[in-house]
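Visitor: Provided below are the primary sequence and the corresponding predicted coordinates.
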Amino acid sequence: MKLLAVEDEIKTGDYLKQGLEEAGFNVDLVRTGLDGQHLASTGDYDLIVLDVMLPDIDGWRILQSLREANTNTPVIFLTARDSVDDRVKGLELGADDYLVKPFAFSELLARVRTLLRRGVPLPIIDKLQAADLILDLLSRRATRAGNRINLTNKEFSLLELLLRRQGEVLPRSLIASQIWDMNFDSDTNVIDVAIRRLRAKIDDPYEPKLIHTVRGMGYKLEIPDATSAN
Ligand code: CA
């Protein structure tokens, strides 16, 4: 079982990681919201322990973007105050449980185990597909028309994001934050270059073209409607 802990307080973070590892879990600990959001969005975890108060982007935003991306990973959030508002907000945003700091480790462990045992039959997605483009998430391989395509890690993540949100226009700012941990203010030329490289690999030699530029907005991946006059 692989857990993600997002906690900026050094002591609490170390305590979480050590305790959960001693309980037999594999734990990735990150100390910033951006790192948390990036790792959480990979969907690679069985459960996330998420601190709400983080120095850059807060736990609410991470939770919200996870649920908006239809990632169902169970989330336990950690709140500093026993505030009813915080509890309601967290649960409304799609958290599964919460703990008020300071908490007893045994309490956290009990809740983690309960959530993991709940055994909701979540859909396990191991392949993403559009037309004859297939991204195998387990083996991390891409093929188009049966041809193996070599992608860098960033290209793979970018293509995965586009495929997961097929048909949606993804603003450069969203791509920047999800794939590069950058703010929109940064040089978004990086994204255009990456898209160009990705197109050269997965679109240029093939039909139909799947990655589309939406002028002034961003990019989307979509199978063109063959019956459309355009
Ligand atoms: Ca904190």
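Guide: Everything's here; your move. For clarity, every value in this text was computed on a predicted model and none was experimentally measured. Numbering: from 1, shown residues only.
Visitor: poorly predicted segments of this protein, please.
Guide: By pLDDT under 70, the low-scoring segments of the chain are 81-83, 119-125, 181-188, 226-230.
Visitor: list the contacts of the residue nearest the centre of the chain.
Guide: Centroid-nearest residue in the chain: Ser41, 0.7 Å away (criterion: CA atoms, centre = their mean). Going by CB atoms under 8 Å, 6 or more residues apart in numbering, Ser41 touches 65-66, 69, 71, 178. Every residue, glycine included, has its C-beta placed from N, CA and C.
Visitor: run the last query once more with 10 Å
Guide: Neighbouring residues of Ser41 by CB atoms under 10 Å, 6 or more residues apart in numbering: 62, 65-66, 69, 71, 73, 157, 160-161, 164, 177-179.
Visitor: which of the residues you listed tops the neighbour count?
Guide: Ile62 (27 neighbours; other CB atoms under 10 Å).
Visitor: name the helix or strand for the nearest residue to that one once chain neighbours are set aside, please.
Guide: Nearest non-adjacent residue to Ile62, counting by CB to CB, 6 or more residues apart in numbering: Gln37, 4.7 Å away. Using DSSP states H and E, Gln37 maps to helix 33-41.
Visitor: just the C-alphas of that helix, formatted as PDB.
Guide: Output of helix 33-41 as PDB, limited to C-alpha atoms (Å, rounded to 0.1, in the frame of the first residue of the first chain):
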ATOM      1  CA  GLY A  33       1.400  22.000  -1.600                       C
ATOM      2  CA  LEU A  34       2.800  22.100  -5.200                       C
ATOM      3  CA  ASP A  35       4.700  18.900  -4.700                       C
ATOM      4  CA  GLY A  36       1.600  17.400  -3.000                       C
ATOM      5  CA  GLN A  37      -0.700  18.400  -5.900                       C
ATOM      6  CA  HIS A  38       1.700  17.100  -8.500                       C
ATOM      7  CA  LEU A  39       2.200  13.700  -6.800                       C
ATOM      8  CA  ALA A  40      -1.500  13.400  -5.800                       C
ATOM      9  CA  SER A  41      -2.500  14.000  -9.400                       C
END
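Visitor: any figure for the gap between Leu174 and Lys11?
Guide: As for Leu174, its distance to Lys11 is 34 Å (criterion: CB to CB, to the nearest Å).
Visitor: who's more crowded, these two?
Guide: Shown here are Leu174 and Lys11; by other CB under 10 Å, Leu174 has more neighbours (18 against 8).
Visitor: can you give me the strands in this structure?
Guide: 2-6, 26-30, 47-51, 75-79, 97-100, 127-130, 133-136, 141-144, 147-149, 170-171, 211-214, 218-221 (DSSP state E).
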